[in-house]
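# coordinates for the following, if possible.
(one chain, ligands or ions: 2)
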Amino acid sequence: MSLNREQMLVEMGISPIWVLRDAPAVEFDVAHQIQEAAQPVPSAAAVAEAAPLPVQHVYQKSEPSSPATLDVGALDWPALARQVAGCRACSLCEQRKQAVLGVGDTSPDYLFIGEGPGADEDAKGEPFVGQAGKLLDSMLAALDIARGNRVYIANAVKCRPPGNRTPEPAEMAACWPYLERQIALLKPKIIVLLGKAAVHAVLHDDKSLASLRGRRFDHAGIPVVVTYHPAYLLRNLPDKAKAWEDLLFARRTLREQTTPELPF
Ligand code: URA
Ligand code: SF4
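Ligands and ions are numbered 1, 2, ... in the order given. Got it, this is the predicted structure:
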């Protein structure tokens, strides 16, 4: 599927805002969001049928083990998934239903990193399956990609923070070896950080997103770019246009990375 620019903007839900700049346009967009939210979230099985996922990192059974005695940097995917499923390295393990490692193409172009699982993700064992996830899927569609197709999706912490609070720096630090190992195994061509927690976890930077957008950072030789978290965009609809700019910047950066001789 290849979308033209107008279709991409519609997918992102930003076309009405760009066409009509005043308040009614935003109201229209809100109505669109509410209507979208009323649709049932497709089941993981339905998503898998639409786009078979090479690896679904959902492990139901696990043995608790001690990360302190383990070299996370040496784990392969199955061992990493088992380790995360049984992890008790921070207090977020106490109230989780299950740890949520990630989902998608394990040789991806893009790695999107969010904050942490919410209630829906905790229940399903997959990142971004709630309302913010629907918007993320629209953002991916606007780039002509989808979860499982050139994309892997992960979070800064693998267990749901109670009440959906922001993870503490210590919790992100405890979980970092897993994310770091995921990045090393995935070898994405670009990393897109969704929101402040992901920026803190990967870049150890607490500056405002506004000051970090549109710049190219680096993690282990992989380009890293920053944009708003989809949950934030649901509350601040006009900033979707900025997120769209960020995604175009990510795509340009990816193309420069893969075909440096082409002037995109
Ligand atoms: N928000 C996140 O940051 N991650 C999820 O998986 C879901 C919502
Ligand atoms: Fe372990 Fe990360 Fe879950 Fe904390 S959030 S218990 S470090 S997997």
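
# need the three-state assignment for the nearest residue to residue 104 once chain neighbours are set aside.
Residue nearest to residue 104 in three dimensions, not counting chain neighbours: residue 152, with 3.7 Å by C-beta to C-beta, 6 or more residues apart in numbering. For glycine as for every other residue, the C-beta is placed from the backbone atoms N, C-alpha and C. Under DSSP: H, G, I helix; E, B strand; the rest coil, the three-state class of residue 152 is strand.

# quick check: mean pLDDT across stretch 232-242?
Average pLDDT, stretch 232-242: 96.

# would you mark the buried spots in that stretch?
232-234, 237, 239-242 (16 or more other C-beta atoms under 10 Å).

# and these, which is closest to residue 224?
Nearest to residue 224 among these, counting by C-beta to C-beta, is residue 242 at 17.6 Å.

# and that closest one, how far is that from residue 206?
Look at residue 242 and residue 206: by C-beta to C-beta, to the nearest Å, they are 20 Å apart.

# what sits against residue 232?
195, 239 (C-beta atoms under 8 Å, 6 or more residues apart in numbering).

# okay, the helix or strand hosting it in PDB with CA atoms only?
Per DSSP states H and E: residue 232 is located in helix 230-235. Extracted in PDB, the C-alpha atoms of helix 230-235 (Å, rounded to 0.1, in the frame of the first residue of the first chain):
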ATOM      1  CA  PRO A 230       0.800   9.600  21.000                       C
ATOM      2  CA  ALA A 231      -1.100   9.900  24.400                       C
ATOM      3  CA  TYR A 232       0.100  13.500  24.600                       C
ATOM      4  CA  LEU A 233      -1.100  14.100  21.000                       C
ATOM      5  CA  LEU A 234      -4.600  12.800  21.900                       C
ATOM      6  CA  ARG A 235      -4.800  15.600  24.400                       C
END
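
# what comes up buried for the helix or strand that it is followed by?
With elements assigned by DSSP H and E, the helix or strand that comes after helix 230-235 is helix 240-258. Buried residues in helix 240-258, counting neighbours by 16+ other C-beta under 10 Å, are found at 240-244, 246-247, 249-251, 253-256.

# again with stretch 96-108
96, 98-106, 108.

# which of those residues sits closest to ligand 2?
Closest approach between these and ligand 2, by C-beta to the nearest ligand atom: residue 99, at 4.9 Å.

# what parts of the stretch 151-264 of the chain come near ligand 2?
157-159, 171, 174-175 (C-beta under 6 Å from any ligand atom).

# ranking those residues by neighbours, who comes first?
When those are compared by neighbour count (other C-beta atoms under 10 Å), residue 158 ends up highest, at 30 neighbours.

# contacts only, for that one.
Listed by C-beta under 8 Å, 6+ apart, the contact set of residue 158 reads 84, 87, 92, 99-101, 116-117, 175, 178.

# now tabulate those residues in CSV and tack on pLDDT.
Compiled in CSV, these are given as follows (pLDDT from 0 to 100):
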residue, pLDDT
84, 98
87, 98
92, 98
99, 98
100, 98
101, 98
116, 98
117, 98
175, 98
178, 98
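
# mind checking which of those residues land in helices?
Judged by DSSP state H, the subset of the contacts of residue 158 located in helices is 84, 175, 178.

# what about the residue of the stretch 1-150 of the chain found nearest ligand 1, neighbour count?
At 2.9 Å from ligand 1, residue 114 is the closest residue in the stretch 1-150 of the chain, using C-beta to the nearest ligand atom. Using other C-beta under 10 Å, residue 114 has 27 other residues around it.
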